Every structure is written in structure tokens, then in C-alpha cells.
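*Asks:* with the sequence up front, the predicted model follows.
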Amino acid sequence: MARRASSGINPGILIGIAVFVAAAFFGGKALLGNKRDSISGAQIDMTDMLENANQLRGNEYVIEGTVDEKLRWTPDRGQVVSLKVDSPGGSEYVGIEIPAEFTDLNIEREQSYAIKVKFRQGGIPVATEINRL
């Protein structure tokens, strides 16, 4: 009597495929999951900035905080946001000018950002680099 051909897939192949898919998933998640880009630079001392921000002009600092309000926006000049920064003395608010070159970046309220700023004349912080935390 003739033997019938097996109609199922070999269980070893199924287990091998499942292991490969699981390894690819968890390996990809490990590599891409920690995508928190940090901005290198000196952290700002809020007391120095609040006392006299004009003395900081020409220097670059990193400010980390949560966007409290989007104060003003124009397509050709950019926008101004209010950033809530936690400091030892309590929460402080910093107005930061976001130039028009960042118009493709969607800055949202209640989101945390690390913003590298350069202080211009008058002690006004202007963003040079922005990363969402």
C-alpha cells in the first residue's frame, strides 16, 4: 500500500521562525526603544539667568522643561514658547524664541523638551537645537 504525503509544516521550522521573529522584535526594540537623544552642553543655572540674563549673551546652554504656553507664532519669524523649568527654588518660567528654521517641528503644550539656547543681545534665549524628551 502506498504512503500518503504529509500535509503539515514541520514543527521545527515553525519554532525556528517564531524564535527568529521574537529575537528580531526584542532586538529592534532594544536598539530603537532608547531613542532619547540628549543634547550636549552646559545646563543652565536658573538663578544666574533670572538675576541677569544679559551677562549670558553669546553663550550656549541646555534648558530642560515642559512647554507651558505657545506665546506667539508667525511663519516668517518663528515662535515664542514659555518653558516651565524645575529648579531648586521651585518652578520657573522661561520665554524662548524658536526661529523659523524649526517650523517643521511640531512643538506641543505639556510636552517635555531639551532645548539648546544661545543668548542674544538683551539676554533673550534663542533655540539652536530642540529634542523632545
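*Replies:* That came in fine, so what should we check first?
*Asks:* can you give me the strands for this structure?
*Replies:* 60-74, 78-87, 90-98, 112-120, 124-132 (DSSP state E).
*Asks:* for residue 52, find the nearest of those.
*Replies:* Nearest of those to residue 52, taken as C-beta to C-beta: strand 112-120 at 10.8 Å. Quick note: C-beta positions are derived from backbone N, CA and C, even for glycine.
*Asks:* nearest spatial neighbour of residue 56, skipping sequence neighbours?
*Replies:* What sits nearest to residue 56 in space, not counting adjacent residues and going by C-beta to C-beta, 6 or more residues apart in numbering, is residue 119, at 4.3 Å.
*Asks:* identify the residues contacting that neighbour.
*Replies:* Contact analysis of residue 119 by C-beta atoms under 8 Å, 6 or more residues apart in numbering lists 53, 54, 56, 57, 58, 59, 61, 125, 126.
*Asks:* would CSV of these with neighbour count and distance to residue 20 be doable?
*Replies:* Converted to CSV, the contacts of residue 119 look like this (neighbours: other C-beta atoms under 10 Å; distance: C-beta to C-beta, whole Å):
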residue, neighbour count, distance to residue 20
53, 16, 56
54, 11, 60
56, 19, 54
57, 14, 56
58, 9, 54
59, 12, 51
61, 18, 47
125, 24, 49
126, 15, 49
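*Asks:* mean confidence score for the top helix by length along the chain?
*Replies:* Under DSSP state H, the helix in the chain containing the largest number of residues is helix 11-33. Summarised as a single mean, pLDDT over helix 11-33 is 78.
*Asks:* show me what that helix is packed against.
*Replies:* Taking 3 or more C-beta pairs under 8 Å, 6 or more residues apart in numbering; DSSP states H and E as the contact definition, helix 11-33 has no neighbouring helices or strands.
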